[in-house]
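Novice: I'd like to go over a predicted model; first the sequence, then the structure.
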Amino acid sequence: MYHFKISGEITSDGYYGFSPVMLETHLEVADGEDILIDINSVGGCMNSGLSIYAKIKRYAKENNATITTRSDGFVASIATAIFLAGDKRIVNEFMQPFVHEPRFSYSNAETADDFRKDYMDLEQSRNILAEFYSKNTNLSKEEAIALMENDTWITADRCLEIGFATEIEKLSQAENKIVASIKSNLKINKNDYKMKKSEIEKEVKASFFDKIISAFGGEVKDNLKNELSIKTSDQAEIVFSEIDDLTELEVGLTATIDGEKAEGTHLVEVQDEKKELVFSAGQLTDIKTVEVEDNEEDEESIEDKIDAKLKAIESKFNKKIKSLEKENEILKEKNSQTDKFFNKLKGISSEFDEKLKKAKKVKETEEPEEEQSIFGEVLSKYNKN
């Protein structure tokens, strides 16, 4: 699963915040994988937000991919439309999504007709959003308009009720529960060979990540972190969204099985040992060791498994590097366009100053008209360029 974040204002150009062009870079790197999107945005441009929604839905359809959106802070204004692009939509119990009527960030209206047109544009935008909410939730169009008119913060429970979210992330339980390490629930393994193998795997992996962090900074570690999936003996998939490594497996974690909250007892293989994972209401409540005959592995098999893990980590890291390189190219192009624009303004200013000096020789009564004519001439020339 490919994981990225949408944060800041939703914009059209990407100079700041998040734009449709930046999304396209992430979708290209995701390359057909399922996607997890963390959202922390106060909203922004309505057209850009709906464009991002459409691109995500199109990607999911073309690649048969599952999209999960999760509130990681504010999910406000048009960012709610992006949140609704998820097949699985997770809100947490503290951050409440916010909806309101569309507004102009600025208007050049001066006459009654101008203001009338602004009114009609806003009313049309409100109807588009209300229709959008009604098609992506259990709300009617009228109910959606009422929520927007009242500038509504939607509670987590209400999100589930109206179909805005499919799941609530209970953060308080995770923080207040004293969790027990998996090691305290297992018998001590006296097989020196297996202990040595486990230590080698941890040492090699730690060394690899240390090199990455040293070269690119600590933020890379956060970006590479992903969820952990474990196959059960009957080929069901247990997904832990809070960890990405088996060594972090412990009582108290939450998990899903085939998209639903995990329930019951499931047999899995954890670090070459058979374990029974016991779940209740989506939470891991016990980890039991299943006694089986020891099957020794040779050193070559150990190295193969280490190589496979390293290749998986390296592949994920390379994908992130490609994403950062593409974003850097986009920023360079934007900076180039900005430089060209300011150079153009300098040219206009310089030529206008020259024309103005010549105009001062004209009679005083003709001066305002002459200046206006000169300014129009300069602008016309540069607009053609």
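Specialist: Arrived safely. Residues are numbered from 1 along each chain as shown.

Novice: drop to CA atoms for contacts and neighbour counts, all remaining ones
Specialist: Will do.

Novice: Can I get stretch 23-37 in CSV, CA atoms only?
Specialist: The C-alpha coordinates for stretch 23-37 follow below in CSV (Å, rounded to 0.1, in the frame of the first residue of the first chain):
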residue,chain,number,x,y,z
LEU,A,23,-1.4,14.4,-6.6
GLU,A,24,-0.6,13.2,-10.1
THR,A,25,3.0,12.7,-9.0
HIS,A,26,1.9,10.5,-6.1
LEU,A,27,-0.4,8.5,-8.3
GLU,A,28,2.3,7.8,-10.8
VAL,A,29,4.6,6.6,-8.0
ALA,A,30,1.8,4.4,-6.4
ASP,A,31,1.7,2.6,-9.8
GLY,A,32,-1.6,0.8,-9.2
GLU,A,33,-1.1,-0.1,-5.5
ASP,A,34,-3.8,0.5,-2.9
ILE,A,35,-3.4,4.0,-1.3
LEU,A,36,-3.7,5.4,2.2
ILE,A,37,-4.1,9.2,2.3
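
Novice: What's the mean pLDDT across that stretch?
Specialist: Averaging pLDDT along stretch 23-37 gives 92.

Novice: And for stretch 58-70?
Specialist: Averaging pLDDT along stretch 58-70 gives 94.

Novice: go on, stretch 249-264?
Specialist: 87.

Novice: Now the terminal residues of it, how far apart.
Specialist: Terminal residues of stretch 249-264 lie 17 Å apart, using Cα to Cα, to the nearest Å.

Novice: For it, buried residues please.
Specialist: 249-257, 261-263 (16 or more other Cα atoms under 10 Å).

Novice: Show me where the stretch 51-200 of the chain dips below the pLDDT cut-off.
Specialist: Applying pLDDT under 70 to the stretch 51-200 of the chain flags the ranges 104-106, 171-200.

Novice: Do a quick rundown of the helices in it.
Specialist: 79-83, 112-136, 141-149, 156-161, 171-176, 192-216 (DSSP state H, counting those that start in this stretch).

Novice: again with the stretch 251-385 of the chain
Specialist: 299-359, 367-384.

Novice: now the ones you listed in CSV, with mean pLDDT and distance to Thr232?
Specialist: Output for the helices of the stretch 251-385 of the chain, formatted as CSV (pLDDT from 0 to 100; distance: least, Cα to Cα, whole Å):
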stretch, mean pLDDT, distance to Thr232
helix 299-359, 76, 19
helix 367-384, 54, 66
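
Novice: Of those helices, which is nearest Ala54?
Specialist: Checking these against Ala54 by Cα to Cα gives helix 299-359 as the closest, at 20.7 Å.

Novice: partners of Phe98 in the sheet?
Specialist: Ala76, Trp153 (DSSP bridges).

Novice: What is the neighbour count of it?
Specialist: Using other Cα atoms under 10 Å, Phe98 has 21 other residues around it.

Novice: you'd agree it is up against Asn150?
Specialist: No: under the criterion of Cα atoms under 8 Å, Phe98 makes no contact with Asn150, lying 10.4 Å away.

Novice: Including mean neighbour count and distance to Asp118, could the helices of the stretch 251-385 of the chain go into CSV?
Specialist: Converted to CSV, those look like this (neighbours: other Cα atoms under 10 Å; distance: least, Cα to Cα, whole Å):
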stretch, mean neighbour count, distance to Asp118
helix 299-359, 14, 29
helix 367-384, 13, 27
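
Novice: and Ile52, which of the ones you listed is closest to it?
Specialist: Among the helices of the stretch 251-385 of the chain, helix 299-359 comes nearest to Ile52, with 16.4 Å by Cα to Cα.

Novice: other SSEs contacting that closest one?
Specialist: With contacts taken as 3 or more Cα pairs under 8 Å, 6 or more residues apart in numbering; DSSP states H and E, helix 299-359 sits against helix 20-30, helix 192-216, helix 219-224, helix 367-384.

Novice: Now do it: distance to the chain's middle.
Specialist: Offset of helix 299-359 from its chain centre (Cα atoms, centre = their mean, to the nearest Å): 19 Å.

Novice: Could you number the chain from 46 rather than 1 from now on?
Specialist: OK, 46 is where the count begins now, so the last one is helix 344-404.

Novice: Taking helix 65-75 as reference, get the angle to it.
Specialist: Here helix 344-404 runs at 160 degrees with respect to helix 65-75, directions being taken by axes from the mean of the first three to the mean of the last three Cα atoms, to 10 degrees.

Novice: ok, Phe285 - how many residues close by?
Specialist: By other Cα under 10 Å, neighbour count at Phe285 equals 22.

Novice: and it, how far is that from Trp198?
Specialist: From Phe285 over to Trp198 the distance is 29 Å, taken as Cα to Cα.

Novice: Also Leu174?
Specialist: Distance of Leu174 to Trp198, computed by Cα to Cα: 16 Å.

Novice: End to end on stretch 75-85, go ahead and measure it.
Specialist: 20 Å.

Novice: Residues touching that stretch, excluding its own?
Specialist: Under the contact criterion Cα atoms under 8 Å, 6 or more residues apart in numbering, stretch 75-85 has outside partners 46-53, 104-105, 108-120, 124, 128, 364.

Novice: Of those, which belong to strands?
Specialist: Counted as lying in strands by DSSP state E, out of those, are 47-53, 112-120.

Novice: so who does Ala124 touch?
Specialist: Shown in contact with Ala124 (Cα under 8 Å, 6+ apart): 55, 84, 86-89, 94.

Novice: returning to that earlier point: how about JSON lines for the helices of the stretch 296-430 of the chain, with distance to Lys215 added?
Specialist: Below are these laid out as JSON lines (distance: least, Cα to Cα, whole Å):
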{"stretch": "helix 344-404", "distance to Lys215": "29"}
{"stretch": "helix 412-429", "distance to Lys215": "57"}
